[in-house]
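Asker: Sequence and predicted structure are below.
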Amino acid sequence: MMKIVKTIEEVRAQVKEWKSQGLTVGLVPTMGYLHEGHASLIDTSCRDNDRTVVSDFVNPMQFGPGEDLESYPRDMEHDAALAQEHGCDLIFHPDPDEMYHDGFSTFVDMTVLTEELCGLSRPVHFRGVCTVVSKLFNIVKPDRAYFGKKDAQQLAVIRHMVDDLNMDIEIVGCPIVRESDGLAKSSRNTYLDENERKAALVLSKSIFNGMELVRNGEKDCAVITDSMKKLIASEPLAKIDYVKLVDMKTMQQIEKLDRPALCAIAVYIGKTRLIDNFFTEDV
Ligand code: PAF
């Protein structure tokens, strides 16, 4: 039977008991409002590990001023049902005070990878992500942790952090899950009204367009990104934040496709900022 706990002490006691029985533990860190993308992470964790913990915490530290912390969707009842259906054993659903006590003042701050792409328009974001993910790793002590490839930069940042700080945890990246019409699943899709939902399809269309060009052998990054930008610009409700091809390891922009690369986009549809991407090695 799946348990839902709110304190660090309860998580530690449960994981300690599992480890004393020689069981392996997978962690799926989430901010809740779970969808099929999260479900696929839980499925993969359950396949790889004896026990799966889902953390469900809207982390205030990774939101900048004026971002959507207050309006970020929350629905614990739905999350519990979905997590249980997919085989989760424990949900950790702490209050902000449990994670950040009075006087909290230690941060995990990365000086590479975080200043490109999303880091440009969200300057405090990755410090918040690295700090909370480190804390979750220390609380749960999982053998493996699961992250979606939709947040490709986040995945690269976490892999780098784990390597830099010698964390003994295997990081598993899982494929993007899409709606049947192509839109990448995201908790933020719920912000879109009917017209915006239609307009948001321009993200996946441009991603498929970029993939097609790479598949056909195009090596000039500007040709690929220009074509994608043109497509996005044809949608009046869309405003480009970035469309970039970057080195998969350094996240630095490249001109020629002569190494494994990430093509990443961020686009505002009305007020909602959505992201999507593809890795050239997956094309
Ligand atoms: O990807 C997310 O939902 C969040 O950034 C994460 C990894 C759960 C940290 O709060």
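Answerer: Thanks, I have the structure now.
Asker: Which one of the residues in the stretch 51-200 of the chain is closest to the ligand?
Answerer: Ranked by CB to the nearest ligand atom, the top residue of the stretch 51-200 of the chain for proximity to the ligand is N59, at 4.0 Å. Placement of C-beta: from N, CA and C, glycine included.
Asker: Surely that residue and Y100 touch.
Answerer: No. The pair N59 / Y100 is not scored as a contact, 9.1 Å apart, by CB atoms under 8 Å.
Asker: hmm, the helix or strand of the chain with the lowest mean pLDDT touching the ligand?
Answerer: Taking mean pLDDT, DSSP states H and E as the measure, the chain has helix 118-121 as its least confident helix or strand, at a mean of 94. No. Contact of helix 118-121 with the ligand (CB under 6 Å from any ligand atom) is absent, the minimum separation being 10.6 Å.
Asker: so what does that helix touch, helix or strand wise?
Answerer: helix 125-140, strand 238-247 (3 or more CB pairs under 8 Å, 6 or more residues apart in numbering; DSSP states H and E).
Asker: send the alpha carbons of it over as CSV?
Answerer: C-alpha atoms of helix 118-121 as CSV (Å, rounded to 0.1, in the frame of the first residue of the first chain):
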residue,chain,number,x,y,z
CYS,A,118,16.8,28.7,-19.7
GLY,A,119,19.4,30.2,-17.3
LEU,A,120,19.4,33.4,-19.3
SER,A,121,15.8,34.3,-18.7
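Asker: Contacts for that helix, please.
Answerer: Surrounding helix 118-121, the residues in contact under the criterion CB atoms under 8 Å, 6 or more residues apart in numbering are 113, 125-126, 153, 241-242, 266, 273, 275.
Asker: Quick check: N49 vs H86, distance?
Answerer: According to CB to CB, to the nearest Å, N49 stands 13 Å off from H86.
Asker: Low-confidence stretches in the stretch 151-283 of the chain?
Answerer: Filtered on pLDDT under 70, the stretch 151-283 of the chain yields no residues whatsoever.
Asker: C46: what secondary structure?
Answerer: Following DSSP: H, G, I helix; E, B strand; the rest coil, the label given to C46 is helix.
Asker: Tell me the residues of the stretch 151-283 of the chain that contact the ligand?
Answerer: So far as CB under 6 Å from any ligand atom goes, the stretch 151-283 of the chain lies against the ligand at 151, 154.
Asker: just the stretch 1-150 of the chain next, same as before
Answerer: 29-31, 59, 62, 129, 132-133.
Asker: Turn those residues into CSV, including pLDDT.
Answerer: Shown next, in CSV, are these (pLDDT from 0 to 100):
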residue, pLDDT
P29, 99
T30, 98
M31, 98
N59, 98
Q62, 98
V129, 98
V132, 99
V133, 99
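Asker: And the strands in the stretch 1-150 of the chain?
Answerer: 3-5, 25-30, 51-56, 90-92, 144-148 (DSSP state E, counting those that start in this stretch).
Asker: Quick one: residues in contact with the first one.
Answerer: The set of residues that contact strand 3-5 without belonging to it, under CB under 8 Å, 6+ apart, is 11, 14, 76, 80, 89-93.
Asker: hmm, try it at 6 Å
Answerer: Strand 3-5 has contacts (CB atoms under 6 Å, 6 or more residues apart in numbering) with 11, 90-91, 93.
Asker: before we move on, the earlier item: the residue of the stretch 51-200 of the chain closest to the ligand contacts V132, doesn't it?
Answerer: Yes. Using CB atoms under 6 Å, N59 is in contact with V132, at 4.4 Å.
Asker: Would you map the helices across the stretch 101-250 of the chain?
Answerer: 118-121, 125-140, 152-164, 194-199, 201-215, 221-233 (DSSP state H, counting those that start in this stretch).
Asker: N59 and Y100: which has the busier surroundings?
Answerer: Each of N59 and Y100 has its neighbours counted (other CB atoms under 10 Å); N59 has more, 21 against 17.
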